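Peer 1: Give me coordinates for this.
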Amino acid sequence: MAPEAKISLGIVVPALNAVSEIGATLEALRAAGPRFDVDFLVVDGGSTDGTIAAAQTGGARTITAPPGRGGQLAAGAASVAGDWLLFVHADTRLEGDWVSAVGDFMRTTENTAHAGYFRLVFDDAAPAARRLERIVAWRARVLGLPYGDQGLLLARDLYDTLGGYRPLVLMEDVDLVRRLGRRRLVALPASARTSAERYRRSGYLVRSARNLLCLLLYRLGIPLPIVRRLYG
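Peer 2: Predicted coordinates for the structure are as follows:
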């Protein structure tokens, strides 16, 4: 009997001046190599700190795109090979047995109409980080709003049907998951550990309030360049 063909998976990592983070992100992602037919692609938005060289050393192909995560993600999806697409931020490391979680999801036929996201964990031992993680889990489960730092896994056909990422200056993740809808989102049994630097710098309460205000302004139709200035 012929061996089962490997699932083809395109992994897209948007990056900008992420030389201190991209290596660990790609090291975690390389765990998918033995299980799937993987194309690793880093989409650089104009880094000046050696991110491209670090990504190539980490085993990824690289392309460049104008800065702005929405445009970088769209460019990556158009350039990466794979019947399935996994989007992961440059400061996010997938943890646990995430490879099996992704494989199980992709091998379930009905999930060609669903998208998976990971449980968010911050790289901070502060109690405020644990509280925010619980809020994020509730927001994703009840409101259907996982953000980009939780990763996103979906079939390319579904991605194309939805129209993919739009080249927005902000809220590109919210825009896409709103088109998906809560009923098509599935929590994967693995974690995405992401940087808490913005929260440490501004304070968890202040940063969370600012993020919520930006989301509300976006939903009210305030032009995204204005929201982007507030986001910081």
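
Peer 1: can you pull the contacts of L132?
Peer 2: Contact analysis of L132 by Cβ atoms under 8 Å, 6 or more residues apart in numbering lists 122, 199, 204, 208. Bear in mind the C-beta positions are built from the backbone N, C-alpha and C, glycine included.

Peer 1: try 10 Å
Peer 2: By Cβ atoms under 10 Å, 6 or more residues apart in numbering, the contact list for L132 reads 120, 122, 124, 126, 196, 199, 204-205, 207-208.

Peer 1: State the phi and psi torsions of W98.
Peer 2: The phi and psi torsions at W98 (degrees, to the nearest 10) take the values phi -70, psi -30.

Peer 1: circling back: filter the contacts of L132 down to the buried ones, ChimeraX style.
Peer 2: Remark: buried members of the contacts of L132, expressed as a ChimeraX selection using 16 or more other Cβ atoms under 10 Å:
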select :120,122,124,196,199,204,207,208
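
Peer 1: Identify each buried residue in the helix ranked longest in the chain, please.
Peer 2: When the chain is parsed with DSSP state H, its longest helix is helix 204-219. Along helix 204-219, these residues count as buried under the neighbour rule (16+ other Cβ under 10 Å): 204, 207-208, 210-211, 214-215, 217-218.

Peer 1: and that helix, how far out from the chain's middle?
Peer 2: 19 Å (Cα atoms, centre = their mean, to the nearest Å).

Peer 1: Then stretch 91-110?
Peer 2: Worked out by Cα atoms, centre = their mean, stretch 91-110 lies 13 Å from the chain centre.

Peer 1: ok, and the closest non-adjacent residue to A74?
Peer 2: Leaving aside its chain neighbours, A74 sits nearest to Y165 (4.4 Å; criterion: Cβ to Cβ, 6 or more residues apart in numbering).

Peer 1: that older thread, who does the longest helix of the chain touch, helix- and strand-wise?
Peer 2: helix 127-138, helix 172-180, helix 197-202, helix 224-231 (3 or more Cβ pairs under 10 Å, 6 or more residues apart in numbering; DSSP states H and E).

Peer 1: quick one, what contacts the closest residue to R182 other than its chain neighbours?
Peer 2: Spatial nearest neighbour of R182, excluding adjacent residues (Cβ to Cβ, 6+ apart): G144 at 2.7 Å. Residues in contact with G144, defined by Cβ under 10 Å, 6+ apart, are 177-178, 180-185.

Peer 1: Also V142?
Peer 2: Taking Cβ under 10 Å, 6+ apart as the test, what V142 contacts is R182.

Peer 1: Any chance of CSV for the contacts of G144, columns neighbour count and distance to L73?
Peer 2: Formatted as CSV, these follow (neighbours: other Cβ atoms under 10 Å; distance: Cβ to Cβ, whole Å):
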residue, neighbour count, distance to L73
V177, 24, 13
R178, 13, 15
L180, 20, 14
G181, 11, 19
R182, 13, 21
R183, 9, 23
R184, 16, 18
L185, 19, 17
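
Peer 1: Many thanks, I have nothing further to ask.
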